[in-house]
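Student: just a sequence and a predicted model for now, questions to come.
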Amino acid sequence: MAIEGFEKLAAAMTDATEGVDDSKERLNQCGKAYVRTALAYPGHFAVIFQNDLIDPDNEQCVRSSLDAYTQLQTTLQMVRDQLNPDLDVDMASSLCWASMQGLVVLSAKFADVADQANTATQPIDETIEGFTEMMIEGFRAR
């Protein structure tokens, strides 16, 4: 199940970023693919993050997880190349991954808070676009 989840994620991210040459738009599409895949396959994502359920010696599992992560790193290398030659791609990858996973986990809570506060719930794609904008501005060379 973990392999399937990683493969679904890698395929979604590949499809979403194929032919996208603008680093900001590519990061935006990468984030949307991650969140959409996680929300569409919650069981797979639950398994992906259960280290006790994943065999670290399973080469196919390791390869499929790296395929998905490589999509993110490739995107952030583009951000580095286009916007900030000093960008720490590994650190930026961790930030983006944590942000999108946090959005997946908290998206239902955001809706609850909006209901309780009697405010509008922002569509998930708009939230991702806002996150991307904030990250890109933070990633720019100063």
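Tutor: Sure thing, it's come through.
Student: only C-alpha atoms from now on, for both contacts and neighbour counts.
Tutor: OK.
Student: helix or strand right after the host helix or strand of W97?
Tutor: W97 belongs to helix 89-117 when assigned by DSSP states H and E. Heading C-terminal from helix 89-117, the first helix or strand you meet, by DSSP H and E, is helix 124-139.
Student: the inter-axis angle of the helix holding W97 versus helix 124-139?
Tutor: Interaxial angle of helix 89-117 relative to helix 124-139 (axes from the mean of the first three to the mean of the last three CA atoms, to 10 degrees): 140 degrees.
Student: mind listing what's buried along helix 89-117?
Tutor: Across helix 89-117, burial judged by 16 or more other CA atoms under 10 Å covers 89, 92-93, 96-97, 99-101, 103-104, 107, 111.
Student: what of stretch 3-16?
Tutor: Residues 3-14, 16 are the ones in stretch 3-16 that count as buried (16+ other CA under 10 Å).
Student: picking that back up, mind putting the buried residues of helix 89-117 into TSV with pLDDT and distance to S64?
Tutor: Supplementary listing: the buried residues of helix 89-117 in TSV, determined by pLDDT from 0 to 100; distance: CA to CA, whole Å:
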residue	pLDDT	distance to S64
V89	96	20
A92	95	21
S93	95	17
C96	95	19
W97	93	16
S99	95	21
M100	94	19
Q101	93	18
L103	92	23
V104	92	21
S107	85	26
A111	82	32
